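Trainee: how does the following fold in three dimensions:
(2 chains)
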2 protein chains.
Amino acid sequence: MTPSEKSNPGEPKLDSAVNQWLGNSDVLIVGGGAAGISAAIDAASAGASVLVLELASTYGGTTALSAGEIYIGGEGGTPAQRANGFEDTTEDMFNYLMMASGPNADESKVRMYSEDAIGHFDWLVEQGLIFNEKFIPEKTIIPESDACLIYTGNEEAYPFSSVANPIPRGHNLAVKGDVGGKQLMDTLYKRAIELGVNFTFDARVLTLITNSKGSVCGAVARIDGEECCFGTEGGVILCAGGFTMNRAMLEKHAPDLLRCNEFLGTPGDNGAGIQMGWGAGAEAINMHEGHVTLPFYPPASLVEGILINDKGQRFINEDSYHGRVGYFAMQQTGNRIYLICDSDSFERPSEFSGIEIAAAAETIAELEAELGLAENTLQNTVAVFNQQAEKGEDPLWHKHHKYLKPLKTAPYVALDCSIDSAFYPCFTLGGLNTLPSGEVLNPSGECISGLFAAGRNTCGLPRSGAGYSSGLSIADATFFGRKAGQSAAARRKNDLFG
Amino acid sequence: MTPSEKSNPGEPKLDSAVNQWLGNSDVLIVGGGAAGISAAIDAASAGASVLVLELASTYGGTTALSAGEIYIGGEGGTPAQRANGFEDTTEDMFNYLMMASGPNADESKVRMYSEDAIGHFDWLVEQGLIFNEKFIPEKTIIPESDACLIYTGNEEAYPFSSVANPIPRGHNLAVKGDVGGKQLMDTLYKRAIELGVNFTFDARVLTLITNSKGSVCGAVARIDGEECCFGTEGGVILCAGGFTMNRAMLEKHAPDLLRCNEFLGTPGDNGAGIQMGWGAGAEAINMHEGHVTLPFYPPASLVEGILINDKGQRFINEDSYHGRVGYFAMQQTGNRIYLICDSDSFERPSEFSGIEIAAAAETIAELEAELGLAENTLQNTVAVFNQQAEKGEDPLWHKHHKYLKPLKTAPYVALDCSIDSAFYPCFTLGGLNTLPSGEVLNPSGECISGLFAAGRNTCGLPRSGAGYSSGLSIADATFFGRKAGQSAAARRKNDLFG
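Mentor: So this is what the prediction gives:
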């Protein structure tokens, strides 16, 4: 999809200016994606009445468009991890996630999730999600089978492998192909309905409502052309997605992402939830970060090739996760990126990768010339790589020995992974700053009374394009969505009985 | 200096809660640095009464600590440019500044400054600043003589040289050494005093004051232990500096800068001005960006060396400005950065650079081994560089021919420019989003009534570490400070006569 321009929601409306309340619920949730429905389930389970206002004509959000991978581990592992001999520990998961989250990691969220992801897995199963114990050890992006467990990050890749035991933590539902996200949302929605959660679709939330004390106590939504006011005692939970689809916000906050050629999300990822938070005094952080990916594998044999920039230099261990590869590809000076393979490692890239053959030649020298690279640049890079790979070493980039093979079987092929030709999809990672409880913070670090948020509306677990691991967004949305639902439900009780 | 933790200013105070007003001025300015005093001069010149509240015991801010370089050009050039045969054009200046500002450039500010920098130069001279017409063509950072004109950016370096005719635009006052900033501030302060501007020092502004319509109408300052309220009809202008000295804000918004080992600013650069803006509903942008520099030259002959990372790869044209070099050094995977020289190019680096000799050897192969680099990495890099330099070419990085010489006279020296040992100073480039008029914007792009800002309190002309050019901050602070002063003064008049 392509980001579009749109107008911004303004300041909150004062409750004294509300003429008529169309409804009132203990907890009011903006957005019916993974974060919103997880929040709704836990709020309703705690006895709260819940209304979900959703912009689209149905539930699901961006999660429903995804493969539905969820990043889970720690604490001895999930059934799928244990069945395949992986003994995951909370400390390994914590260390991995801290590095993956980058310099702006939220240690409290990483700690809480590492300690309770297994409990969250049990909750997902209780809601009706089905996971089997099948494992795919090969490097892939989305399983074509119904297998559960895959590596969806840099666990086996340097430097991550030096801080944590490499364990696969990507969990897919027991469903074939990349339709897991739809099934995940169908299941959670069904559960929410069973619990009595109310949904209003085609409801564009325009702004929050605050009372004279500055507490958030409702929201205004446009429904059937009418502006309708909804009140709440527990609080509003903003689960309205990121800002991937708002071109003006990308230009202002994450202009580098505009170099990408596919923007992953629904039209609802328009930043409105972040803007409503701003209107209520919230702080947004990490707004420049995004997940950019270059899905140059599968087939996994391509990982045996070497990635080079327009100077003929390697710039990453090629066994890194495709998101990390995309991040570093974008950091190179110049747009041209090539994957150099020999005939042993070469296979046709997937169709969706957009990667075409740029050149093929009998020698690396000819390949270098065909690509228009400066003399001896690619030749030197390949010579050094081969010399080291022959010894089973990659002292420069620490590529895993599984994929470390000298390139020496002619013909040689250069695959065009350039930023202006290959598939470079992205989504945003910046958003409202929240506590693990889902409470939204202002720039002074104070909680905004009555306001909660979760999912890509917030800056959550995943914070760095250089370390993004697939499944982290749904893990973050469902886990911290639940926390927000619990917090809002408890706040209502505190109000009533406190 | 070292960033420190500090508490944050809270929400604005309501004017109805003010018991006593200690003073009232047409224009109230927070901060007596270059932005604040320039704003004061133009507000007072327009007939407004002006009060400047300054945290420190004297005026000057971070500008007074600097060399006082100002980036000026366009429109046919300054006297110093013309005297040295440089015909600067507005379009060249615009094209240079747009590239230097990076993907988040503010075209309206760049356009306005490019079109009116010469007029601003005349204004600076009118205030009493003295510039001579001497020019230093060599690559330097701060002139040791009293010369005026130097290159303070990437004007001669690729890719900037491909979009704009290379013209020097750094202007120093006619004063020896790096004390120009103090003289600049002395002169502007004297002028402000002549115009009747009032200054209160040792005044820590705590928060803004707003009226029932939401307009900013004053500020609360702690003076001699008392909280004092100051009212204003024209508006408050926040000129309180950046957040370089606030460790908590750096951790949250610009964590990469914490890898630096020197933080440039005064204790006033604590982010309080940005936080007061947030409290009034303002938006801050570009908060992750900073100017990081690796001042590896002078002596200029060192630019003839080649900079490499821990893979033995070059990563920048070494004739780039030291700020751009610092930016790319920080982007390399790994902390180790070396400058490789032969005995023709080698000279001792300046003492303040913190750069020591890491290794010296009779051959590049020995140097490579001494540095512990992988075999053939540095050797290949030097071989390719030399082969191309012999032909007067640098097809990889486009180093300027002035500095392009093969490294072939033994012994060879590696200078240690690593991030954990050399001098890497920094300051922040993110801040409040403003119009060229100085009006502060909220996230919806609406002006906050009565609130203006300038200098590093805002995100102004300089926006990208990759393109930072010295003199841009003072240019930005003085030029857009003046605009803010004019706007606030005009607002008062509009209120009175409009």
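Trainee: which ones are touching the residue in the stretch 201-350 of chain A that chain B sits nearest to?
Mentor: Nearest residue of the stretch 201-350 of chain A to chain B: A:Pro255, at 3.6 Å (C-beta to the nearest C-beta). Glycine gets a C-beta too; all of them are placed from N, C-alpha and C. Taking C-beta atoms under 8 Å, 6 or more residues apart in numbering or on different chains, we find A:Pro255 in contact with B:102-104.
Trainee: which ones among the residues you listed map onto strands?
Mentor: If you go by DSSP state E, those have nothing in strands.
Trainee: find the nearest non-adjacent residue to A:Thr89, please.
Mentor: With C-beta to C-beta, 6 or more residues apart in numbering or on different chains as the criterion, A:Thr89 has its nearest non-adjacent residue at 6.6 Å, and that residue is A:Gly74.
Trainee: surely the one you found is in a strand?
Mentor: No: read with DSSP: H, G, I helix; E, B strand; the rest coil, A:Gly74 is coil and lies in no strand.
Trainee: C-terminal to the longest strand along chain A, what's the next element?
Mentor: Counting residues, the longest strand found in chain A (DSSP E) is strand A:226-238. Per DSSP states H and E, the first helix or strand lying C-terminal to strand A:226-238 is helix A:247-253.
Trainee: what's the helix or strand following that next one packed up against?
Mentor: Per DSSP H and E, the first helix or strand lying C-terminal to helix A:247-253 is strand A:262-263. When contacts are defined as 3 or more C-beta pairs under 8 Å, 6 or more residues apart in numbering or on different chains; DSSP states H and E, strand A:262-263 packs onto strand A:425-428.
Trainee: in its sheet, what does the strand it packs on sit against?
Mentor: Note on strand A:425-428: by DSSP bridges, its sheet partners are strand A:262-263 (parallel), strand A:290-292 (antiparallel).
Trainee: what is the mean pLDDT for the shortest one?
Mentor: The pLDDT scores in strand A:262-263 average 96.
Trainee: next secondary structure after it?
Mentor: Downstream of strand A:262-263, the first helix or strand assigned by DSSP H and E is helix A:272-279.
Trainee: what's that following helix packed up against?
Mentor: Counting by 3+ C-beta pairs under 8 Å, 6+ apart, helix A:272-279 packs on strand A:203-210, strand A:226-238, strand A:284-285, strand A:431-432, strand A:447-453.
Trainee: compute the inter-axis angle for the longest strand of chain A and strand A:203-210.
Mentor: Computed with axes from the mean of the first three to the mean of the last three C-alpha atoms, to 10 degrees, the direction of strand A:226-238 lies at 70 degrees from that of strand A:203-210.
Trainee: coming back round to it: got a list of what the residue nearest to A:Thr89 touches?
Mentor: Applying C-beta under 8 Å, 6+ apart, the residues near A:Gly74 are A:88-90, A:92-94, A:114-115, A:117-118.
Trainee: give me the angle between the lengthiest helix in chain A and strand A:447-453.
Mentor: The longest helix of chain A (DSSP state H) is helix A:472-497. Per the same axes, to 10 degrees, the angle that helix A:472-497 makes with strand A:447-453 is 130 degrees.
Trainee: just give me how far helix A:472-497 sits from the chain centre.
Mentor: 20 Å (C-alpha atoms, centre = their mean, to the nearest Å).
Trainee: about what we covered before: please produce TSV containing the strands paired with strand A:425-428, extended by mean neighbour count.
Mentor: Formatted as TSV, those follow (neighbours: other C-beta atoms under 10 Å in any protein chain shown):
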stretch	mean neighbour count
strand A:262-263	18
strand A:290-292	28
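Trainee: the ones you listed: which one's closest to B:Glu133?
Mentor: For B:Glu133, the closest of those is strand A:290-292, at 48.1 Å, according to C-beta to C-beta.
Trainee: what residues does that closest one touch?
Mentor: Outside strand A:290-292, the residues touching it (C-beta under 8 Å, 6+ apart) are A:244, A:254, A:256-257, A:260, A:323, A:326-327, A:329-330, A:424-430, A:462, A:465, A:468.
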